[in-house]
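Participant: Okay, here's the prediction I keep looking at, along with the sequence it came from:
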Amino acid sequence: MMLLRLISWPYFRKHILRTLLTTAGIVLGVAVFVGMHTANQSVLFAFNHTVDQIAGKTELQITAGETGFNEEVLETVQGAATVAVAVPAIEAVVDTGIAGAGSLLVLGTDMTGDRSLRDYDLEEGDDAVIDDPLVFLAQADSLILTKLFADAHGIATGSQLALGTAMGERRFTVRGIMASSGLASAFGGNLAVMDIYAAQKMFGRGRTFDRIDLSVREGRTIAEAQTELRTLLGPGFQVDAPANRGQQFEAMTAAYGMMINISSLFALFIGMFIIYNAFSIAVTQRRSEIGILRALGATRGQIRALFLGESAITGLVGSAAGVLVGLVLARGIAVTIGALMRDVYGVAQRADDIASDPLVLVGALLIGVTTSIIAALIPARQAAAVDPVQALQKGKYQVLSAGESRVRAVAAVVLAAISVACLFTSQSRLVFYVGYALVVVMVLLLGPLLSLGLSRLLRPVLRFMRPVEGALAADSLIQTPRRTSASVAAVMLSLALVVAFGGMARASYDSIIVWMDGALNPDLFIAPSQDIVIRTLRFPPEMAGELEQIDGIARVQAVRNARIVYRGTPVMIVATDTLSLSETVHATPVAGDPSTMWRETHEGRGVILSDNLAELQRLTLGDLFEIDAPHGVIRVPIVGVVVDYSDQQGTILMDRTLFEHYWHDDTINVFRVYLQPWAQVPDVKARVLERYAGQRQVFVLTNRELKDYILRVTDQWFSLSSVQIAVAVLVAILGIVNTLTVSITDRRRELGVLQAVGGLRAQIRRTIWMEALTIGLLGLILGLAFGAVNLYYILQIVHHDIAGMRLDYVFPYRVALYLIPTMLGSAFVAALWPAESAVRGSLVEALEYE
Amino acid sequence: MIVLDRVSKQFAGKRQVTALHEVSLTINKGDMVSIVGPSGSGKSTLLNLVGGLDRPSSGAVHIDGEALAGLTDDGLTRVRRDKIGFIFQFFNLLPTLSSLENVGLPLHLRGWSRSKVDARSRELLQLVQLGQRLTHLPEELSGGERQRVAIARALSIYPPILLADEPTGNLDSRTGAEILALIQDLHTRLGSTVVIVTHDMTVAERCSRTIALKDGHVVEDVRR
């Protein structure tokens, strides 16, 4: 501790800028980690908060995925010996038409029994409104709003509010205002409550409920109630605590979580290199100080502890600052994630408050400090190895890394061999990930050797361009491979991430476009909500026949899609007339006989799975597929596997007759409409809208509009990774600035000599710029090369572990081309300030600098 | 001709230190002058001011009639580039460059063509008797050889003024004598003005004039 105060603190103070730059590496790494995780947590917390507040005193909820179930189930549940109160519920997300209000979550519930589960805490309006069930029953247009929403939009009791329902826009009367706490705080306050039977009608539910909320009879346990209800209802129902919905939400967004983890890991890893670089250089620069300490009796252990202590303090300060920056970032990211959740997963969510999980924050601090200490391990070891005699001789540089290159090269070759073996000799995922980790380590081991080799190759070129500046820039890199290689490694890692994500994005776009062209070929899509992924509004089945009567329409395919829980994961069922589908969809199956699989599916003798579901759940053609439905267990073989990107967790394609039979649900989410060859899309669209004007809420999307929507959502999905990439590049730039700052300090005398013998300021600047550009170029070359390998691994991870998507390997040349000016430009910008500092110091001091 | 007119130099810090106090002196063209004095007497500061490496706090320095005070940093650099050659105690060779490249450095900075730089550098290294060490890096040379390379670099444009700061201070006595003989020989052959800062009186006595400094004042000026 004393050494830290006496030796380290003055050093930090003297090199304040370098200390700040070093710390900034950890700040950024930790900030990305905290920002991403906190934003994700906040959205999850908001979802759970909404579930909790809506659940009230509910101890168990009965659901059948998203599909809902018939009203009779309520009687069965209410008759159970362990159940005290059971109340049906319907939830729908609707548009209000109020500018800036966003979506409103409407909870339809049975007011008669509901007050024992939920406290409405009316602030305005008559409590009799909810005490007397007849008020809501008799007046189906009744609505209760939250104070937050009402105040924000100037609504009072008795006001009218228009909502988009399955019946078209309907006006509702506000009968009461809930105080802003408890239930009213759910969904960020954008909540309305209405009668369940009115909700059934308004949201096209027929005679079904979405779920039943219940409390357990006094003296009975929740476990007893679960057991009884599962026995009574069968396997098609989920009987779980409300908190379970949060777990499902998490499972559904697992792919996104995985992306966040990979990017955060890279950001931290890059931060580690900046720390390593800074400490490695500090050891070289402070060798005389170390020599003096050793001469005065400091042990090797004390020297090692001194450097590790410094790194721990740097890590702690950097992590603490990173946590604060991360929390600020999280607010912005949470909004983006919230929008993503709505558009990709169809789960509308508002994250108005940042939920900072103490575990994430403490974890980030620990990770930051640990990363910093790990990064300083090698420099600390080298510091301990400093020979005091050599260190105290002026002008004598001790070669600290003699013989390291050979060891590195041998280790890299061994690791390369093992990683190749991991790839080809085992199917185990663990072995695959070990192989991936080894490849990263191998690349990092080879990094210094490769950057040294490339610097040597580039020297004649640079020297040819500028005999003095070019040669000095190259020599600076050649002379100090360790200083260079850490920065090059930081750039390389971030570019490898950019290339991998860029390649993945490109492959995803290509695959999605091919899928859309083959599968999404109807002329029109008709949905009850403008957000096609929101499935809380539905059409009645008779609408299919009505549509077929409209002039110009040749074929109508009614589609019911809903999430169910399969092996604990929410997956999507797509139920439609599969025979009709087979006649219109042009796609070669991944597995299965196209001449028989559609017919077998149509006849209810099989299901077709999406490629990603088969991959993620390790299912293959011919396997017996079991789905627990509310009205029995479906046991049919898998007759085909097709490429389908409807849902990230996977899609089960079945015939609608089979779905209706097992779910007793004939409602429709979307109609796929094919036109007569002579019909004009705008004309038919107008006719459809005219047909349902004032009767039903109908949104008609043309083929192009739907495809644009999907591509927009895909863009949104990748936009967050762009933010992460930007941060990674920023960290890399920071690395270059750090390296150059240190390089200039190291070469102060050299630059002084250059000026003393006639070097003009412009020439000195050019030397620094060329050095920076060369670091950028080395990082670029190695980054693109490692990125090509990284892309392969990322595509494998996406295929097998994240989304099950089988993406073709295509190197993202466009991204690579874009990176060349970006990185070289960034390197140049990174060099501007260091170059200025190089020409502004005292020449006399520079010449005396040792 | 080098003229210092009431030149003072103070260094600011926690307490101000006066390194030179109103020093005035003139060094004629073609002179070989030594500047002696104890540590802290201001001799290196004086050399730095003459070489345009530093600026005086007050007073004026003229090189060949040109006042350095009004020049920008790049202007000072041009003066050094065109008129002054430096020889340092610790050689200050660039460790990554060969002897040939080190000697050619000022010429490249002046924008000379590669072939011209190469020819001049070889010629100079021959002149300092290092024709056989052209491609050696500084770490591959002995102390005396390094100083010879440094001298060759200082002579690269055959400057009218040669400034040497303890040129033998980092060498053993025999090598030091050799280097001094070389400087004297070059002075005679090339006719440059040579200013040598030294602790060593045997070095000082080899010069035609010796200026002694103490506490920033000229205390003795001996001509031989």
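Facilitator: Perfect, I can see it now. Remember, predicted model here, so these are calculated numbers, not experimental data.
Participant: CA atoms for contacts and neighbours, from now on please.
Facilitator: Noted.
Participant: how would you label A:A320: helix, strand or coil?
Facilitator: helix (DSSP: H, G, I helix; E, B strand; the rest coil).
Participant: I'd say it and A:L366 touch.
Facilitator: No - with contact defined as CA atoms under 8 Å, A:A320 does not reach A:L366; the gap is 10.1 Å.
Participant: Distance-wise, check the residue positioned nearest the centre of chain B relative to A:R483.
Facilitator: Central residue of chain B (CA atoms, centre = their mean): B:L163, 1.9 Å from the mean position. From B:L163 over to A:R483 the distance is 35 Å, taken as CA to CA, to the nearest Å.
Participant: before we move on, what about A:L616?
Facilitator: Taking CA to CA as the measure, A:L616 falls 44 Å from A:R483.
Participant: Neighbour count for those two, which is higher?
Facilitator: For A:L616 versus A:R483, neighbours defined as other CA atoms under 10 Å in any protein chain shown are more numerous around A:R483 (24 against 18).
Participant: these two touch, right, that one and A:F279?
Facilitator: No - using CA under 8 Å, A:R483 makes no contact with A:F279, being 9.8 Å away.
Participant: now stretch A:407-424, how far from the centre of its chain.
Facilitator: Distance, stretch centre to chain centre, for stretch A:407-424: 31 Å (CA atoms, centre = their mean, to the nearest Å).
Participant: So what touches that stretch?
Facilitator: A:431-432, A:434-436, A:438-439, A:441-443, A:445-446, A:449 (CA atoms under 8 Å, 6 or more residues apart in numbering or on different chains).
Participant: looking at it, B:L93 is touching B:P138, isn't it?
Facilitator: Yes - if you go by CA under 8 Å, B:L93 and B:P138 touch, sitting 6.9 Å apart.
Participant: joint contacts of those two?
Facilitator: Shared contacts of B:L93 and B:P138, counting by CA under 8 Å, 6+ apart, come down to B:R146.
Participant: and the residue of chain B found nearest chain A, how many residues sit next to it?
Facilitator: Taking CA to the nearest CA as the measure, chain B has B:R81 as its residue closest to chain A, at 4.2 Å. Counted with other CA under 10 Å, residues neighbouring B:R81 total 24.
Participant: Which residue is the nearest non-sequential neighbour of it?
Facilitator: A:G758 (4.2 Å; CA to CA, 6 or more residues apart in numbering or on different chains).
Participant: is it fair to say that neighbour lies in a helix?
Facilitator: No - counting by three-state DSSP, A:G758 is not part of a helix but coil.
Participant: What backbone torsions are found at it?
Facilitator: Backbone torsions for A:G758, taken as degrees, to the nearest 10, come to phi 120, psi 10.
Participant: correct me, but it touches B:G85?
Facilitator: No - using CA under 8 Å, A:G758 makes no contact with B:G85, being 9.5 Å away.
Participant: quick one on the thing from earlier: what sits against the residue nearest to B:R81?
Facilitator: If you count contacts by CA under 8 Å, 6+ apart, A:G758 has them with B:T77, B:R78, B:R80, B:R81, B:D82, B:P106, B:L109, B:R110.
Participant: element containing the first one?
Facilitator: What it means is B:T77. helix B:73-83 (DSSP states H and E).
Participant: what comes up buried for that helix?
Facilitator: Residues of helix B:73-83 classed as buried: B:D73, B:L76, B:T77, B:R78, B:V79, B:R80, B:R81, B:D82, B:K83 (neighbour count, 16 or more other CA atoms under 10 Å in any protein chain shown).
Participant: so what's the fifth one up against?
Facilitator: Taking CA under 8 Å, 6+ apart, we find B:V79 in contact with B:G52.
Participant: average pLDDT for stretch A:267-278?
Facilitator: Per-residue pLDDT over stretch A:267-278 has a mean of 77.
Participant: Mind exporting the C-alpha coordinates of that stretch to CSV?
Facilitator: Only the C-alpha atoms of stretch A:267-278 are listed here, as CSV (Å, rounded to 0.1, in the frame of the first residue of the first chain):
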residue,chain,number,x,y,z
ALA,A,267,-15.8,-4.8,-25.7
LEU,A,268,-14.3,-6.0,-22.4
PHE,A,269,-11.7,-8.0,-24.2
ILE,A,270,-10.6,-4.9,-26.2
GLY,A,271,-10.5,-2.9,-23.0
MET,A,272,-8.2,-5.5,-21.6
PHE,A,273,-5.8,-4.9,-24.4
ILE,A,274,-5.6,-1.3,-23.7
ILE,A,275,-4.7,-2.0,-20.1
TYR,A,276,-2.2,-4.6,-21.1
ASN,A,277,-0.6,-2.1,-23.5
ALA,A,278,-0.4,0.7,-21.0
